[in-house]
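J.: Model the structure of this input:
(chains A and B)
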Amino acid sequence: MSATQESSSDQKIRVLIAKPGLDGHDRGAKIVARALRDGGCEVIYTGIRQTPQMIAEAALQEDVDVVGLSILSGAHLELFPRIVEELRSRGLDDVLLFCGGIIPEEDTDALEEMGFSAIFRPGTNTRDIVSFVYENVTAA
Amino acid sequence: MSDLIDRFLAGERRALSRILTRVENGTAEGREYLRRLYPRSGRAHTIGVTGSAGSGKSSLTGALAAELRKRGHEVGIIAVDPSSPFTQGAILGDRIRMQDLILDPGVFVRSMASRGALGGLAPTIDDAVAVMDAFGFPYVFIETVGAGQDEVEIAGTALTTVLVNNPGTGDDIQALKAGIIEIADVLVVNKADRPGADVLVSQLRALLSLAPSEGREVPILSTVATTGDGVPELVDAIDGHRAWLDSSGELAEHRRQEARHQVLSVAQRMLLERIRAATSEDTLGALVAQVADRSLDPKSAAEKLIEQGHGV
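T.: Residues are numbered from 1 along each chain as shown, chains lettered A, B, ... in the order given. As a prediction, this is how the structure comes out:
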């Protein structure tokens, strides 16, 4: 993927980057948002302290292909299932899901079962996140 | 296709969202949706909110929507943010200022990237507005990219244009210049709790007193979007402009201008697309190289481009 190439199609990958829960540290989320922007995606950034309903509703209104969740509070096993549930109840079951932040290795299986296709932990090269998105979004 | 239209007409928000994507992308499918839905548009009061980056457009749009909800109206919002000229990517962050509205089923917020369009909007903005309008929102807000002096496209898209100003952002010569200030139907001094707000209001008033009057005085309102101060009065002023459009007969003229603008701008875009489709990368590359080394001027190169794509 060449960043400066003129796009032949007007179809852009739309990504929602959201921070559920109460922790206010959004630096990681902003860095990921910026990396995806530089990778040519249209990134909707919702800001901090989002409830599961707010995230799902934003995903619906923005018709995103991808939802990326950033969490540092340790509440992922409580919050993520509710977000997935809210997305499904709105008919958004084809959205690609990934997450990042402080997420222990032992939670990997549970998150994959929930429908998360990737978990990006501290130290991840942002290029890997961009590649993941491009490789896994099926053209609209 | 019919299925999605049926769901749209039944008021399903997911269908609205999906149709907006297709229309925004300008695909053949999107054009067909627009063709089917366009006759249902034309009922909404479309309101453009423009002003420089950081002037409070998003917060003010959110506050206006909240006030309209109190009055029992449903509201659609399209917020445009800039695309990168290098990667075509974008960060769309206007929703952050509208958190209180997200779970309100009477509000629908859609972010659009400018995708290379000049003038503070997006290439398919008029189509997206028509779709929101056809969905039945009585008010549709269009928030432009941060606009400085010359981004006047919004006046061709919205019935009412609200220009957001802030105190302390330039002397009165800035306001004297031609351009964006001339298209304002309603002027707002936002962040009016900051020093210099009164001075700005009187400067704007003095400026307007010099403008040729068209039978209607442009109102100037002071707001603090983050507290809601002045917002009910601003809603009244916006409604007042619509009432004036209706009673003065200007509405029909406005719609004609709007339609003319849209037809010409779509024609322009389609012509360029056709020329691009009829041109190989090699042909374009050769012309570009000649212009870059100054052996050919851009106008002659453009003429060659159009000639070789003959039949467009």
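
J.: my guess is residue B:60 contacts residue B:191, does it?
T.: No - judged on C-beta atoms under 8 Å, residue B:60 makes no contact with residue B:191 at a distance of 9.8 Å. All C-beta atoms are positioned from the backbone trio N, CA, C, and that covers glycine.

J.: Overlap of the contact sets of these two?
T.: In terms of C-beta atoms under 8 Å, 6 or more residues apart in numbering or on different chains, residue B:60 and residue B:191 are both contacted by the residues residue B:225.

J.: quick one, which of the two is more surrounded?
T.: Taking other C-beta atoms under 10 Å in any protein chain shown, residue B:60 and residue B:191 do not tie; residue B:60 has more neighbours (27 against 24).

J.: Name the nearest residue to the more buried one, ignoring sequence neighbours.
T.: residue B:225 (4.1 Å; C-beta to C-beta, 6 or more residues apart in numbering or on different chains).

J.: How many neighbouring residues does residue 89 have?
T.: Since you didn't name a chain, this refers to chain A. Neighbours of residue A:89 using other C-beta under 10 Å come to 11.

J.: Can you look at chain B instead?
T.: Neighbour count of residue B:89, defined by other C-beta under 10 Å: 24.

J.: Could you report the separation of it from chain A?
T.: Applying C-beta to the nearest C-beta, to the nearest Å, the value for residue B:89 to chain A is 4 Å.

J.: Run through the residues that contact that residue.
T.: A:12, A:36-43, B:83.

J.: ok, 10 Å please
T.: By C-beta atoms under 10 Å, 6 or more residues apart in numbering or on different chains, the contact list for residue B:89 reads A:3, A:12-13, A:15, A:33-43, A:130, B:83, B:113.

J.: Please report phi then psi for the residue lying closest to it once chain neighbours are set aside.
T.: Among residues not flanking residue B:89 along the chain, residue A:37 sits closest, at 3.8 Å (C-beta to C-beta, 6+ apart). Dihedral angles of residue A:37 (phi, psi; degrees, to the nearest 10) stand at phi -60, psi -50.

J.: I'd say residue B:40 and residue B:132 touch.
T.: No - with contacts counted by C-beta atoms under 10 Å, residue B:40 stays clear of residue B:132, the gap being 11.1 Å.

J.: Point out the residues in the stretch 201-312 of chain B that sit beside chain A.
T.: B:273, B:276-277, B:281, B:284 (C-beta under 10 Å from any C-beta of the partner chain).

J.: hey, where'd the strands end up in chain A?
T.: Here chain A has its strands, by DSSP state E, at A:14-18, A:42-45, A:66-71, A:96-101, A:116-120.

J.: Present those as CSV; the columns should include mean pLDDT and distance to chain B.
T.: Output for these, formatted as CSV (pLDDT from 0 to 100; distance: least, C-beta to the nearest C-beta, whole Å):
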stretch, mean pLDDT, distance to chain B
strand A:14-18, 96, 8
strand A:42-45, 95, 5
strand A:66-71, 95, 13
strand A:96-101, 95, 15
strand A:116-120, 95, 18
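
J.: Nearest to residue B:265, out of those strands?
T.: For these, proximity to residue B:265 was assessed by C-beta to C-beta; strand A:42-45 is nearest, at 21.9 Å.

J.: just to revisit the earlier point, what about the residue nearest to residue B:89, neighbour count?
T.: Residue A:37 has 24 neighbouring residues, counting by other C-beta under 10 Å.

J.: Once you drop chain neighbours, what's closest to residue 90?
T.: Just going to use chain A. Take residue A:90 and drop its neighbours on the chain: the residue closest to it by C-beta to C-beta, 6+ apart is residue A:60, 4.9 Å away.

J.: hmm, I had chain B in mind actually
T.: Distance criterion C-beta to C-beta, 6+ apart; nearest residue to residue B:90, sequence neighbours excluded, is residue B:113 at 3.7 Å.

J.: Could you list the low-pLDDT ranges of the stretch 201-312 of chain B?
T.: B:212-214, B:310-312 (pLDDT under 70).

J.: Please enumerate the strands of it.
T.: In the stretch 201-312 of chain B, strands defined by DSSP state E, counting those that start in this stretch lie at B:220-223, listed in chain order.

J.: Sweet, I'm off.
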